[in-house]
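S.K.: need coordinates for the following:
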Amino acid sequence: MDVGGKGTLPLYMLEPFLRNLQANYNPLGISALESAFRFHTIRTEIALTVKPNARGVIEVPFNRLLVILGMYAVGPPALEYTDMVSRTRDVTWYAKLTAASKILALHRGVKTRARRAEQRKGRSAMSIFTEKGKGAWKEEDRGKSDAKGKPKPAVASVSELAMSTLASQVSHRCLSPSLSLHHLL
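M.R.: Numbers count the residues shown, from 1 in each chain. Here you go, the predicted structure:
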C-alpha cells in the first residue's frame, strides 16, 4: 500500500487497507468497517486533521493512522477521564459532520432527480419546488404575510438548515478549542 516507502497512506487507499486488515481478522480493520457510517466518520476525521500535500492528496502518516484506528477500536473508555470527554466530543463532532454530509448528498440527489424528471416532461427545473399546491412557497412569497395578516413561516431548504447548524457549531468550536489527538501523536 505504501508504494513510495514514505510511511504514509493516501486517503483514497484507506478502504482497501481496512479491508485487508479485516480479512486478516485484525481488530483495527474489523472495528473501522463495523458500519459504513463508522468508516465515513473515520474518513472525515482523517480528512479534517491531516493537511493535503503539495498535489492536494491527503496522505495520513501511518503512525497517526494507527492511533486513530486504535482509538476507534478500544473506544473512549480506555482513556483517562479528561481525555475520554475530549475524545467523545471530537468523535461526536466528526459523526455530526458525516451525518450532515450524507443528508446534503441525499438532498442534492433528490433535487437532481426531480430536476431531470421535470426536464424530461418539458417543465422548468424549479417548478416542483415552487408550486404552492405541493406545500412549498415561491421565493417572492417568503416573509410576506398571509390574508389574515399573520406572517408566513420562513421556509428553508435542508441544505440551508444543515449549513447554518454546522456554521454555528464551527464558530463555537473555534471559540472553545478542546483537546484532540494532536497531543497523543
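S.K.: for F17, report the pLDDT, please.
M.R.: Looking at F17, its pLDDT is 91.
S.K.: now K121
M.R.: With respect to pLDDT, K121 has a value of 79.
S.K.: check which helix or strand covers E45.
M.R.: Taking DSSP states H and E as the definition, one finds E45 inside helix 36-49.
S.K.: what angle separates the longest helix along the chain from helix 36-49?
M.R.: Longest helix in the chain by number of residues, with DSSP state H as the criterion: helix 81-121. Note on geometry: by axes from the mean of the first three to the mean of the last three Cα atoms, to 10 degrees, helix 81-121 and helix 36-49 are set 110 degrees apart in direction.
S.K.: for helix 81-121, packing partners?
M.R.: On a contact count with 3 or more Cβ pairs under 8 Å, 6 or more residues apart in numbering; DSSP states H and E, helix 81-121 meets helix 36-49, helix 127-130, helix 158-175. Placement of C-beta: from N, CA and C, glycine included.
S.K.: quick check: closest non-adjacent residue to P61.
M.R.: In space, and not counting its chain neighbours, P61 is closest to T8: 5.5 Å by Cβ to Cβ, 6 or more residues apart in numbering.
S.K.: what residues are up against the one you found?
M.R.: Listed by Cβ atoms under 8 Å, 6 or more residues apart in numbering, the contact set of T8 reads 2, 59-62.
S.K.: same question for S31.
M.R.: With contact taken as Cβ under 8 Å, 6+ apart, S31 is in contact with 38, 69, 72-73.
S.K.: and it, how far from G70?
M.R.: 9 Å (Cβ to Cβ, to the nearest Å).
S.K.: mind listing the shared neighbours of the two?
M.R.: With Cβ under 8 Å, 6+ apart, S31 and G70 have no common neighbours.
S.K.: okay, L175: pLDDT?
M.R.: For L175, the pLDDT comes out at 44.
S.K.: quick one: the residue nearest to P61 from T49, how far?
M.R.: Note on T8: its distance to T49, by Cβ to Cβ, is 14 Å.
S.K.: and if you look at M13?
M.R.: M13 sits 17 Å away from T49, going by Cβ to Cβ.
S.K.: for L66, same thing?
M.R.: Here L66 is placed at a distance of 14 Å from T49 (Cβ to Cβ).
S.K.: out of those two, which sits in the busier spot?
M.R.: Ranked by neighbour count (other Cβ atoms under 10 Å), L66 and T49 place T49 first, with 17 against 13.
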